[in-house]
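> Turn this into a model:
(2 chains)
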2 protein chains.
Amino acid sequence: MATERLASWAVDLSYSDLPQEVIQAAVNSFYNWVGCAIGGALHPTTKTAYDALIPFFGKGTSTLLGQKGARIDASHAALINGIASHVHDYDDTHLPTIIHPTGPVASALFAQAEALGAVTGEDLILALVAGIEVECKLGLGVWPFHYDIGWHITSTVGAIGAAVAVGKLMRLQRLPMQHAISIAATQVTGLRDMFGTDTKSFHVGRAAQNGLIAAVLAARGFTGSLQAIEAPRGWARVVSVSNNVDEQLMTLGKEWEMARNAFKPFPCGIVVHPIIDGCIQLHRELATAAAAATIERVDVRVHPLVLELTGKKTPQDGLQAKFSVYHGGAIGLVLGKAGPAQYDDSVVQNPDIILVRDKISATADESLRTDEADITVFLSNGTTLQKHVQHALGSVEVPMTPAKLEEKFLDQVSLVLGAEGAQSVSRACWALETFENITDLAL
Amino acid sequence: MATERLASWAVDLSYSDLPQEVIQAAVNSFYNWVGCAIGGALHPTTKTAYDALIPFFGKGTSTLLGQKGARIDASHAALINGIASHVHDYDDTHLPTIIHPTGPVASALFAQAEALGAVTGEDLILALVAGIEVECKLGLGVWPFHYDIGWHITSTVGAIGAAVAVGKLMRLQRLPMQHAISIAATQVTGLRDMFGTDTKSFHVGRAAQNGLIAAVLAARGFTGSLQAIEAPRGWARVVSVSNNVDEQLMTLGKEWEMARNAFKPFPCGIVVHPIIDGCIQLHRELATAAAAATIERVDVRVHPLVLELTGKKTPQDGLQAKFSVYHGGAIGLVLGKAGPAQYDDSVVQNPDIILVRDKISATADESLRTDEADITVFLSNGTTLQKHVQHALGSVEVPMTPAKLEEKFLDQVSLVLGAEGAQSVSRACWALETFENITDLAL
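Predicted coordinates:
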């Protein structure tokens, strides 16, 4: 039943079914995906994958984001853009499952939309929502068992979401949509053991490609199991010791997972976010950046997990700094900003930053949540500033505003396309809903 | 340890380490793979996949077997040839695990060998053996739990075997070979729930492609987990409730899995093989095909599973006939042959075949093994002929001889390339070991 139900729901979904908040969430998610994919375009992981696979690239129908208009075949574009969108760990998060939903789905969808042509902004949004709802409902259905066993849930369910999105774009009917789900479901890609290696991002790209291929095959009549999700030896039972998929599917179109998608404000582990958030707020209270020089001591209290995961006191480069609550606090206080530029090696090694970083002492406090922090800054003139962050920016309670999303986008994209290019792409992506043909959306 | 051990062993393996029987088994396996891939080239499943994926094909470096010298990029050639090689369920079988080992490995290997050029027959054999040994040892390590849960073991371990084979061909050192194993291991493709659909063959092709991509990425420095197989959340634990991988790896290079590879004599479910085998033997005793007309009744006794899996009394076409012990018996008795041609719709619908088919009655007998059968033919002149098949042709006890393999090859390949073309490819493949450059091996 589950496979048929997912397929029917996705096939029947029309743009007029989408609440305004879901459309806005879809636009935000696409916008953030573009920012992350361009932001990750020049990362060594992306570049290595690109270089290695050049011999296999087909005719250029689809854009490689952030690569000066370069185009390759849709299948490889899905793969490379998917890698780029995840490589900085800066993409979106469906908080109930920690799926990063847009990477696999949008990477497949945009590549195929360009290859097909004659796709409107609304078509793209509709397909994106269909894919992400299916992806996250399935994710909820196997959460947390599937993740606990060791599967990278973003890519395993991501492939199925990508298949549904591309299938929707290609206007598959119910039966081929069931086959598309099936062909995607059988390609279970992503072991958590790969975290910390290039292959983590590869999972997202490969999921996009798996889903795209599944839909394209199904559109030609290629068959899979019509009960791929729920069969005795189907997806749900094979990849999870327990599941409540049927129950989750009851809420399709009633509770929208798209609307639960959150965006990271800072390109580092989520547990550092409350400290950075609080320190950026304190930066504004420290009249000027110069005032930071008068900081004598900074005491922070955080959940024990923060120190366990990000307790690195003297990070040597940008990658190590992502695991340093001390660097996070210092850039917040001194620079009032924590974008990709503030994680550049040169900033991590900057004496002004190191000076403040070394004045921060952190204490574990079991009574705080992981998205909570308490920060006290002692100044040389005897003043103390205090900030309690109840919920970090980017949480459900304090979501990223469009303005914050845009700041994040411009910070990332400017590093690749320059300030002017970033502004231009930003404007185009905000207008996604109005596009008559998304091939005009030059990324 | 397992990942490093597999990588080290494969990297260190040299041609002089291979016993003559292993070299011969590798040549036989490659030969049979070529026959099956050409034999499956025109199958609708292969054709649908080809048509659907045309937009993604890259520059033609690698041959599509059985397609008049057509070439596409190595990655898609691996996929399409892999599908073709499995689509008739006529490929080889590593009997201890029922892995079909050569499809994923040879499909990746041959495609990449052509793309690289300057690969000798010995290089190809060495890489094939390295890949198949790793594939089957891992398979033994998770057998039977992995298969019982619902994984199509041919493709899940096949991808890892393909990565090792291509990595060996590309002369990867130990660390990149570990990464190649890792990138392949994380792409766990193949749910058994897909059996009976186009996607079953897709698994074999995709496994070839997954492994090829993994090796090519690793060769460029792309990283995965160095403990991908044995880590607490590594491959062996995630895909199987129990495993003895470490124990299996102790026998690497001591007990050769390549030598346990068996070949199907008939293009149908293995449980029908003893009946067909016996009926073909009886055909010779029935002086001429005309004598078959004097058959009054045929009684066969078989293991109960035979009737459960292949009890179809009145098959309507070739596909249904593969699940009919009655058709199998009839073509054996009347035609003395059971190749792909004898599973053509026209043969299944032929009145002479149907006449004999309907005279066969089958009884389940628990005392027989699945590779055993007892057949009694009652003739109108009062004579009875009797045949007890202890072990069917193609079993470990009664392996396919090179002559039988060649007959199988020519039967399949003639249907695609004609008799002369089939003879020419057959001669070339038997001489695999002597090739200075396998690009001269025009398939």
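
> next structured bit after the strand or helix carrying A:Ile354?
Secondary structure from DSSP states H and E places A:Ile354 in helix A:351-357. Following helix A:351-357 in sequence order, the next helix or strand is strand A:360-364 (DSSP H and E).

> Phi first, then psi, for the residue nearest in space to the middle of chain A.
Residue closest to the mean C-alpha point of chain A, counted by Cα atoms, centre = their mean, is A:Asp91 at 2.2 Å. Torsion angles at A:Asp91 (phi, psi; degrees, to the nearest 10) stand at phi -80, psi -170.

> Identify the residues contacting it.
A:Asp91 sits next to A:32-33, A:36, A:85, A:100, A:102-103, A:204, A:264 when contact means Cβ atoms under 8 Å, 6 or more residues apart in numbering or on different chains. Bear in mind the C-beta positions are built from the backbone N, C-alpha and C, glycine included.

> any idea how far it is from B:Pro144?
Spatial separation of A:Asp91 from B:Pro144 under the definition Cβ to Cβ, to the nearest Å is 39 Å.

> and if you look at A:Ser107?
Between A:Ser107 and B:Pro144 the distance, using Cβ to Cβ, works out to 37 Å.

> buried ones in the lengthiest helix in chain A?
Under DSSP state H, the helix in chain A containing the largest number of residues is helix A:402-430. Using 16 or more other Cβ atoms under 10 Å in any protein chain shown as the burial criterion, the residues of helix A:402-430 that qualify are A:405-406, A:408-417, A:422-423, A:425-426, A:428-430.

> Would you agree A:Glu372 is in contact with A:His303?
Yes. With contact taken as Cβ atoms under 8 Å, A:Glu372 and A:His303 are classed as touching, separated by 7.0 Å.

> Would you mind listing what in the stretch 201-350 of chain A touches chain B?
In this structure, the stretch 201-350 of chain A approaches chain B at residues A:202-203, A:206, A:213, A:216-217, A:219-225, A:227-228, A:231-235, A:237-238, judged by Cβ under 8 Å from any Cβ of the partner chain.

> Buried ones only from these, please, as a PyMOL command.
Paste this into PyMOL to select the buried members of those, with burial taken from 16+ other Cβ under 10 Å:
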select buried, chain A and resi 202+203+206+213+216+217+219+220+222+223+224+225+227+228+231+233+234+235+237+238
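
> Among the residues of the stretch 201-350 of chain A next to chain B, which ones are in helices?
With helices identified by DSSP H, the entries of those that belong to them are A:202-203, A:206, A:213, A:216-217, A:219, A:235, A:237-238.

> wait, A:Tyr90 sits on A:Gly39?
Yes. Shown here, A:Tyr90 and A:Gly39 form a contact pair, counting by Cβ under 8 Å, at 6.6 Å.

> Same drill for the two, tell me which one is more crowded.
When A:Tyr90 is set against A:Gly39 and neighbours are counted by other Cβ atoms under 10 Å in any protein chain shown, the residue ahead is A:Gly39, at 30 against 23.

> which residue sits closest to that one, ignoring its sequence neighbours?
Residue nearest to A:Gly39 in three dimensions, not counting chain neighbours: A:Gln412, with 3.2 Å by Cβ to Cβ, 6 or more residues apart in numbering or on different chains.

> same question, A:Gly339
The shortest distance from A:Gly339 to any residue that is not its chain neighbour, by Cβ to Cβ, 6+ apart, is 3.5 Å, and that residue is A:Asp411.

> ok, now how distant is the one you found from chain B?
27 Å (Cβ to the nearest Cβ, to the nearest Å).

> so what's that residue up against?
Counting by Cβ under 8 Å, 6+ apart, A:Asp411 makes contact with A:337, A:339-341.

> what's the pLDDT at the residue of the stretch 251-400 of chain A found nearest chain B?
Taking Cβ to the nearest Cβ as the measure, the stretch 251-400 of chain A has A:Leu319 as its residue closest to chain B, at 13.1 Å. You'll see A:Leu319 listed with a pLDDT of 83.
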